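A.B. asks: Predicted coordinates and the sequence they were generated for:
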Amino acid sequence: MAALFQGIKGIIYYLDDVLISGRTEEEHNTRLVKVLDIILENGLKANMNKRKNKRFEWGEAQERSFEKLKIKMVEKPILNCFNEKLDIILTVDASNEGIGGVLLQMTDDVEKPILFLSRRFSSTEKNYSTIEREALAVKFGLEKCKEYLIGRRFILYTDHKPLVDLFKKENKELMMSPRLQRWLILGNFDFEIRFRAGKQNCLPDILSRLFKKDSANKDTVINSLEYIEEEEKLNSKVIRALKIDKREEPITFWWPNMIDGVVKFINSCDTCQRCNTRFDKTTNELQSIPARTKVWSQIGVNMCTLTEREDGYKYIAVAVDYFGKYVVAMPLKDKTAKSISKFLYLLLFTYGKAKIQINDQGREFVNEVSTNYHKLMGTMQRVTSAYHPELGRSSRKRI
């Protein structure tokens, strides 16, 4: 369209629409003829249904709109026009829901907004760590404002101090995860990153939280556990919902910082602390293992998990003699009953038969293969009580 109607004054075109104007009816008709000639010469067609023959009338509604427009034209706008001569500031922030940013310029020692930015996190991005979300906010802000920023020195503010410290360190690329390296190796931008406390970083913070669930559409909004305690009716309603009372229709509610609030409530609840089984369990007096007077008469067997290795070994089986404290260890690629039985036969053929073997209740020790082995060898197998690792301390200390 631009190439076809180039040089004709008084026309505005957008996609397939053309608006023709003139100061007089004669001038308008002259321009209209020129446009129609070009359409015919290029094999185009005009849609006559788009012509508007309705007479335009200036009434009270038009007058109000005109007066309002005049007022708006002389009022100071919220957004300022970009000025290449002024200092540039980009401030960004990330919440659990999204990203916010503001492009600013210093005018009369006051930060004036040029552009507001925000977007919601994807389901994947919500799982990013805090520093990754804050870094993504930086990346988002730079990409959206690149026309204003490339080729100019500017200041970038974030309220996440670890990100600022990371940028200031030498060889920072070596300290970043691959994801951060892709985002923050920013050769096209010339900026100084600075820390700005959250209280002073309000605009991007608000923009990043625009996507929170609308509490006005929820049955109940819970700001804190203290609030629940003060409101008996609300408390009972929430409890019924949490217990999923099937006799009633479950309510929905939004509870900001729910995990922190629940933890704080439980830790400060006297009844919770008294009834917690961790603080109310009773233990019988520990029975000492009778001292042995003969080597290899009683042994303790246990397992140790290794870090990942290239040779495929993942575990170490350990046996300790309760008399001489002698330790035998063997690397294993798995902890199946078959592998453990090989270890036990190694002990048998190397050191002889033990009268008593002590181990925990792991399935690698308590199984049909192990039972058959001990019956065949005449060894008494003793297992420690569940959740009492102190009973296998002798073999664990060696691990």
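C.D. replies: Structure received. Since we're looking at a predicted model, the values are computed, not measured.

A.B. asks: Please count neighbours and contacts with C-alpha atoms only from this point.
C.D. replies: Fine.

A.B. asks: can you tell me how far the nearest residue to residue 333 once chain neighbours are set aside sits from residue 85?
C.D. replies: Closest residue to residue 333 apart from its sequence neighbours, by CA to CA, 6 or more residues apart in numbering: residue 313 at 4.2 Å. As for residue 313, its distance to residue 85 is 65 Å (criterion: CA to CA, to the nearest Å).

A.B. asks: So what's the residue count around residue 78?
C.D. replies: 9 (other CA atoms under 10 Å).

A.B. asks: Quick check, it in contact with residue 116.
C.D. replies: No: the pair residue 78 / residue 116 is not scored as a contact, 10.8 Å apart, by CA atoms under 8 Å.

A.B. asks: related to what we said a few turns ago, surely the residue nearest to residue 333 and residue 339 touch.
C.D. replies: No: counting by CA under 8 Å, residue 313 does not reach residue 339; the two are 12.0 Å apart.

A.B. asks: Common neighbours of these two, please.
C.D. replies: residue 332 (CA atoms under 8 Å, 6 or more residues apart in numbering).

A.B. asks: So for residue 198, what's the pLDDT?
C.D. replies: pLDDT, residue 198: 86.

A.B. asks: Distance check, the residue nearest to it when sequence neighbours are not counted against residue 69.
C.D. replies: The shortest distance from residue 198 to any non-neighbouring residue, by CA to CA, 6+ apart, is to residue 159 (5.4 Å). Using CA to CA, we find residue 159 at a distance of 39 Å from residue 69.

A.B. asks: go on, residue 167?
C.D. replies: 47 Å.

A.B. asks: next one: residue 342
C.D. replies: 91 Å.

A.B. asks: follow-up on the earlier one: from the neighbour counts alone, determine which of residue 167 and residue 69 ranks first.
C.D. replies: Each of residue 167 and residue 69 has its neighbours counted (other CA under 10 Å); residue 167 has more, 17 against 12.

A.B. asks: secondary structure element for the more buried one?
C.D. replies: helix 161-168 (DSSP states H and E).

A.B. asks: and residue 316, backbone torsions?
C.D. replies: Here is the backbone geometry of residue 316 (degrees, to the nearest 10): phi -130, psi 120.

A.B. asks: who's it bridged to?
C.D. replies: Beta-bridge partners recorded for residue 316 (DSSP bridges): residue 304, residue 331.

A.B. asks: Give me the neighbour count for the residue nearest to residue 198.
C.D. replies: 21.

A.B. asks: next one: residue 13
C.D. replies: What residue 13 shows, counting by other CA under 10 Å, is a neighbour count of 12.

A.B. asks: Residue 19 is in contact with that one, correct?
C.D. replies: Yes: Residue 13 sits in contact with residue 19 when judged by CA under 8 Å, with a separation of 6.2 Å.

A.B. asks: hang on, the earlier thing: among residue 313 and residue 85, which residue is more densely surrounded?
C.D. replies: residue 313 (15 against 7).

A.B. asks: mind checking the SS state of the more buried one?
C.D. replies: coil (DSSP: H, G, I helix; E, B strand; the rest coil).

A.B. asks: if I look at it, how far off is residue 202?
C.D. replies: For residue 313 relative to residue 202 (CA to CA), the value is 54 Å.

A.B. asks: for residue 352, same thing?
C.D. replies: Residue 352 is 75 Å from residue 202, by CA to CA.

A.B. asks: ok, back up a step: let me know whether the residue nearest to residue 198 touches residue 193 as I believe.
C.D. replies: No: using CA under 8 Å, residue 159 makes no contact with residue 193, being 10.5 Å away.

A.B. asks: Show me the common contact partners of these two, please.
C.D. replies: Between them, residue 159 and residue 193 share no contacting residue, judged by CA under 8 Å, 6+ apart.

A.B. asks: Can you give me the neighbour number for residue 300?
C.D. replies: 24.

A.B. asks: So what does it have for phi and psi?
C.D. replies: Per degrees, to the nearest 10, the backbone of residue 300 is at phi -110, psi 140.

A.B. asks: quick one: low-confidence ranges for this protein?
C.D. replies: 1-2, 50-54, 73-77, 169-175, 185-187, 212-257, 273-289, 291, 386-399 (pLDDT under 70).

A.B. asks: where do the strands sit along the stretch 51-200 of the chain?
C.D. replies: For the stretch 51-200 of the chain, the strands defined by DSSP state E, counting those that start in this stretch occupy 88-94, 98-107, 110-120, 153-158, 190-195.

A.B. asks: Stretch 120-135: end-to-end distance?
C.D. replies: Using CA to CA, the two ends of stretch 120-135 sit 15 Å apart.

A.B. asks: Not counting that stretch itself, show me its contacts.
C.D. replies: Outside stretch 120-135, the residues touching it (CA under 8 Å, 6+ apart) are 93-99, 158, 160, 162-163, 180, 183-184, 208, 211.

A.B. asks: What are the buried residues along that stretch?
C.D. replies: Within stretch 120-135, the residues scored as buried using 16 or more other CA atoms under 10 Å are 120, 121, 130, 132, 133, 134, 135.

A.B. asks: what's the single longest helix in the chain?
C.D. replies: Ordering each helix of the chain by length in residues (DSSP state H) puts helix 25-41 first.

A.B. asks: If you count neighbours, what's buried in it?
C.D. replies: 31, 32, 35.

A.B. asks: Please name the nearest non-neighbouring residue to the second one.
C.D. replies: If you skip the residues right next to it in sequence, residue 32 has residue 20 as its closest partner in space, 6.7 Å away by CA to CA, 6+ apart.
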